[in-house]
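Participant: below are the sequence and a predicted model; questions follow.
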Amino acid sequence: MTGMDATSLAARIERLESRAAIQDLLHRYCYCCDLNDPDGLAACFTDDCFVDYGPGVGPARRGSEARREEGARDLAMFSATSHHLSNVVVEFDDVDRARAKSTVYAWHRPADGGPQWRLWAQYHDVVVRTPDGWRIAERRLLVAGSENFPESWGWLPLGRR
Amino acid sequence: MTGMDATSLAARIERLESRAAIQDLLHRYCYCCDLNDPDGLAACFTDDCFVDYGPGVGPARRGSEARREEGARDLAMFSATSHHLSNVVVEFDDVDRARAKSTVYAWHRPADGGPQWRLWAQYHDVVVRTPDGWRIAERRLLVAGSENFPESWGWLPLGRR
Amino acid sequence: MTGMDATSLAARIERLESRAAIQDLLHRYCYCCDLNDPDGLAACFTDDCFVDYGPGVGPARRGSEARREEGARDLAMFSATSHHLSNVVVEFDDVDRARAKSTVYAWHRPADGGPQWRLWAQYHDVVVRTPDGWRIAERRLLVAGSENFPESWGWLPLGRR
C-alpha cells in the first residue's frame, strides 16, 4: 500500500487540482484580453511580476500596475481580439511554484480599420501560489510569426534551430 | 487529517473527473461538427436544451431535435469545417451542474466554392450531469469576429468594453 | 464506501494523471516541431511506431528513426512553424494503452519565402505507457483542409459525410 495512504493520495490530488487552476489562470488572462479588461488582466499577475512581451511594446516593466497600464494602452489599439491558448504544459518546481508553457494564436482587428493582425507565439511563464490563488510571476512572449504587425515591432524569438 | 478522509478525497477526485468529462463533451461537439454528424451533435445536448447561435441562424429554438435539424441544415453549407476549441474553463454550481466557457476558432470551406469562412468566438454553456453523462443544457455563441460570413449574418456580441 | 478504498481511489487518480501525461506528450510533439528538434520529435514515439501523415510525405514508415529523419527533412522546408493542438480526447483501452484524438491548426512559413502554409487537421493516435513514460505508438494525420500546400500533396481525408 506504499503511496496509497491518505496523505499521499491527497498530495497527488492537489497536484492535479493545481494543474487545473494554473490552466484556468492562463485562460482567464485570454478572456480578460478579449473583453478589454485591464483590471482583470492585472489580477492575473503577482504584485511584483516580471513580464517581457518584447521590445515592440517598450521596455519590460515590473509589477501588476504596469500590466494594467500596458493592457489598457495595448488593447485600445483594437476593436476586437481573440486569444486562443493551446498546448498548456505545467512543470512543478514545488507545490507552490511551477513553470508553464503554452502556445497562443491571437487574432486582432485594429481600431483604425485595416487588415487583421495575427500572432503565432508561446508564453513561457513562472506561476506561483499566492493567498489569492495561482498568479503569473514571470511571463515572456516568444514569437514564431506574425502578420500585419508594424515592421518596427520587435519580438523575442522562439529560439528555433 | 481534515479533508483527507476517503469521502472527501473521493469528492475531489470526482470533481476532477467531471471537469475532464465536460471537456470531452465540448470536444465531442467539435468532432461531430467536422464529421457532419447531426445525430452526434444532438446527443451532446439535453432533450430540452436552449441554444442561441445568434439571429443569423434564425430564432433560437429549444430541444435536441432542433439541434439535429439545424446542425444538418448548417453543416450542409460546407464541404469541410474544422472547429478548434481552446481556453475551456469550468465553474461548478454543484456536483451535477456547471457553467463552462470556451473559445473557438472555426474554419469553414463553403460547399459552393468561394473563400473560406473563419470565426473567432466563445461558447458560454450550462452543462448538466444526466443518467447518460454530461450534456449541454444551454449554449450561447458570442462572437469576437468573423471573415467572409454573409453580411446579413447576425451574431451575439462578445460584450467587449 | 464501495469504490472508496485506497486502492480504488488510487486507480482513479492514476487515470487522471495518465490523461494529463498523454496531453503533455501530444503537446511536447508540437513544441519539438516548432523548435525544429527532430531528436525530441523522435522521442515522442515508441521505437517501433507506425505513423501515416498521408501520401504527400511519402510512404508511411515504421520506427522512431524514421520519425527523426522525416522530421528533419520536413521541418527544413520552413523557417518557422506553429502547431496549435486542441480538442484532446483520451479513451483508455487499459491502464497502459489509450486512443487519443486531437485537432491541430498548423501555421508554416516556407524557407523559400512565398505565402504561409496552413493546415486544419486531426491526429488519431494510439499511445502506450513505456518504462520511459507515455509514447505515441500509432499516429494518423487526417486533414480537413489546407492552404498553399503543393497540389501534389496527398492527405488522408477526415471521413466527413
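Facilitator: Structure's in. What do you need?
Participant: quick one, strands of chain A?
Facilitator: A:45-52, A:78-94, A:97-110, A:117-130, A:133-147, A:156-157 (DSSP state E).
Participant: mind checking which of these is nearest B:Leu75?
Facilitator: Across the strands of chain A, B:Leu75 has its closest neighbour in strand A:78-94 (22.0 Å, CB to CB). Where C-beta positions appear, they are placed from N, C-alpha and C, glycine not excepted.
Participant: please list the residues of chain A that sit near chain C.
Facilitator: A:1, A:3-6, A:9, A:12-13, A:16, A:19, A:84, A:86-89, A:101, A:103, A:105, A:120-122, A:144-145, A:147, A:158-161 (CB under 8 Å from any CB of the partner chain).
Participant: now that we have those, which of them are buried?
Facilitator: A:6, A:9, A:12-13, A:16, A:19, A:84, A:86-89, A:101, A:103, A:105, A:120-122, A:144-145, A:158, A:160 (16 or more other CB atoms under 10 Å in any protein chain shown).
Participant: which positions within stretch A:89-109 qualify as buried?
Facilitator: Quick answer for stretch A:89-109 (16+ other CB under 10 Å): A:89-90, A:98, A:100-109.
Participant: quick check: the two most widely separated of those?
Facilitator: A:Ala98 and A:Arg109 (33.6 Å).
Participant: angle of the helix ranked longest in chain A against strand A:117-130?
Facilitator: In terms of residue count, the longest helix belonging to chain A (DSSP state H) is helix A:6-34. If you take axes from the mean of the first three to the mean of the last three CA atoms, to 10 degrees, helix A:6-34 sits at 140 degrees to strand A:117-130.
Participant: how far is helix A:6-34 from where the chain is centred?
Facilitator: Taking CA atoms, centre = their mean, to the nearest Å, one finds helix A:6-34 lying 14 Å from the centre of the chain it belongs to.
Participant: now swap in stretch A:90-106 and tell me
Facilitator: 10 Å.
Participant: any idea how many residues pack against A:Leu26?
Facilitator: 23 (other CB atoms under 10 Å in any protein chain shown).
Participant: where does chain A get nearest to chain B, which residue?
Facilitator: A:Ser82 (3.5 Å; CB to the nearest CB).
Participant: which residues touch that residue?
Facilitator: A:34, A:106-107, B:103, B:105, B:120-121, B:144-145 (CB atoms under 8 Å, 6 or more residues apart in numbering or on different chains).
Participant: do the same with A:Lys101
Facilitator: Going by CB under 8 Å, 6+ apart, A:Lys101 touches A:87-89, A:122-125, C:31.
Participant: which members of the residues you listed are the farthest-apart pair?
Facilitator: For these, the farthest-apart pair by CB to CB is A:Asp125 and C:Tyr31; their separation is 14.3 Å.
Participant: which one's more surrounded, these two?
Facilitator: A:Asp125 (25 against 19).
Participant: bridged to the residue of chain A found nearest chain C, which residues?
Facilitator: In chain A, the residue that lies nearest chain C is A:Trp120 (3.5 Å; CB to the nearest CB). Counting by DSSP bridges, A:Trp120 is bridged to A:Tyr105, A:Gly145.
Participant: hmm, it is touching A:Leu142, no?
Facilitator: No - using CB atoms under 8 Å as the test, A:Trp120 is too far from A:Leu142 to be in contact (10.6 Å).
Participant: how about low-confidence regions in chain A?
Facilitator: Within chain A, the segments meeting pLDDT under 70 span A:1-3.
Participant: kindly recompute the last result at 50.
Facilitator: A:1 (pLDDT under 50).
Participant: what residues does it have near chain B?
Facilitator: A:6-7, A:9-10, A:13, A:16-17, A:20, A:24, A:27-28, A:30-31, A:34-37, A:79-86, A:105, A:107, A:109, A:116.
Participant: recalculate using a threshold of 7 Å.
Facilitator: A:6-7, A:9-10, A:13, A:16-17, A:20, A:24, A:27, A:30-31, A:34-37, A:80-82, A:84-86, A:105, A:107, A:109 (CB under 7 Å from any CB of the partner chain).
Participant: perfect, that will be all.
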